[in-house]
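1. my questions are about this predicted structure, shown below with the sequence.
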Amino acid sequence: MEVKQKIRKNQNFKISRFKEKIKRTKPHKHGDYYELIYLNDGEGYHWIETEKFPVSPPEVYFMKPGQMHCWQFTGIPRGFVILFRKEYFDPVAEKSILELLQALKVTVRTSLAELDIFDEIFNEILSEFEKQEAFSDHIIHGYLRASLAKILQVSSGVENTVESENSLYTDFLSLLSIRCPELHNVRDYARLLHITPQNLNAVCKKNSVYSASEHIAHQLNLEAKRYILHTDKSINEIADLLYFNDSSYFIKFFKKREGCTPGQFRERHFK
């Protein structure tokens, strides 16, 4: 699966207007950055992982590092795209923004109904980004914090106080989205995080109901569904891409989690 890097390595923030043209993009994964997409016009569909969303502006999409998506527009889209890395924020002085990001981990799409405040906010962010005057970064950070909080308020009505997860657990999930399916074993991720496999399992159990190996299996299964639904590759080819030693083991792995073979899963979704 192609991994796109739409933001330079030495750049932690970028905003631009959404390209106003009807297009169909190929399924691709994100690099190590978040993508906040605001659409105030357009028609079509937006695939995110295995879910197909009808484009219904005004709306926002919040894409996390490592997520797969693609567009199929039938009407000209208009809006804004913001790309940013966590490094854009000071982990001490701007802890509240990082907590908002963590709270948004389950948010994918938010309908804004008749809420037109985002037009003004995103126009102001774009203006400050292009001017790059004194205090522009402070203004951008303020607007971005307000945007994330507003999305949370509209989408789930969460409380103002957000309990942040263990940073080691967050690092593991981030690493998992980038290095899976190449790495299948708990010890490989533990080595990259400079801890023991036992400690990694303990961290996962403390912050979720799943062990590290269960997290890895879930990510592998997700990668499999991406290839099955968004490519025409054969099951044998997919098994190779997912670093399984043979296709029969891959089929057994997939059936255990989905209750059907990869081939049956593909047929079920394209009847």
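-> Yes, it's here.
2. check contacts around the residue nearest the centre of the chain.
-> Taking C-alpha atoms, centre = their mean as the criterion, K64 is the residue nearest the geometric centre of the chain, at 2.3 Å. Contacts for K64 (C-beta atoms under 8 Å, 6 or more residues apart in numbering) come out as 30, 34, 105, 177. To be clear about C-beta, it is placed using only N, CA and C from the backbone, and glycine gets the same treatment.
3. what's around the first one, how many residues?
-> The burial metric for H30, expressed as a neighbour count using other C-beta atoms under 10 Å, is 22.
4. what bridges to it?
-> Assessed by DSSP bridges, H30 has beta-bridge partners K4.
5. tell me the phi and psi of Q5?
-> Main-chain dihedrals, Q5, degrees, to the nearest 10: phi -120, psi 100.
6. quick one: the closest residue to it other than its chain neighbours and Q153, what's the gap?
-> Distances taken as C-beta to C-beta, 6 or more residues apart in numbering place G31 nearest to Q5, at 4.2 Å, with adjacent residues excluded. Counting by C-beta to C-beta, to the nearest Å, the separation of G31 from Q153 is 29 Å.
7. next: T196.
-> T196 sits 41 Å away from Q153, going by C-beta to C-beta.
8. looking at stretch 263-271 now, give me its mean pLDDT.
-> Mean pLDDT, stretch 263-271: 86.
9. hmm, I typed the wrong one, I wanted stretch 22-42.
-> Mean predicted confidence for stretch 22-42 is 89.
10. and it, how far from the chain's centre?
-> 10 Å (C-alpha atoms, centre = their mean, to the nearest Å).
11. with stretch 60-67 instead?
-> Computed by C-alpha atoms, centre = their mean, the chain-centroid distance of stretch 60-67 equals 3 Å.
12. output the longest strand belonging to this protein.
-> The residue-count maximum for a strand in the chain (DSSP state E) belongs to strand 68-84.
13. report the buried residues of that one.
-> Neighbour-count burial for strand 68-84 flags 68-69, 71, 73, 77, 79-84 (criterion: 16 or more other C-beta atoms under 10 Å).
14. now the helices: where do they sit in the chain?
-> 95-103, 117-131, 136-155, 167-179, 186-192, 197-207, 212-230, 235-241, 247-258, 262-269 (DSSP state H).
15. pretty sure E87 contacts F13?
-> No - using C-beta atoms under 8 Å, E87 is not in contact with F13, being 9.5 Å away.
16. higher neighbour count, those two?
-> Of the pair E87 and F13, F13 is the one with more neighbours under other C-beta under 10 Å, namely 19 against 11.
17. what about the protein, any weak spots by pLDDT?
-> Counting by pLDDT under 70, the low-confidence segments of the chain come to 1, 114-115, 156-166, 271.
18. rerun at 80
-> 1-5, 30, 91-93, 102, 105-107, 113-116, 156-167, 207, 209, 270-271 (pLDDT under 80).
19. domain parsing for it?
-> Following automatic domain parsing, the chain resolves into domains at 2-155, 167-269.
20. follow-up on the earlier one: which one of G31 and Q153 has more residues nearby?
-> Shown here are G31 and Q153; by other C-beta under 10 Å, G31 has more neighbours (17 against 12).
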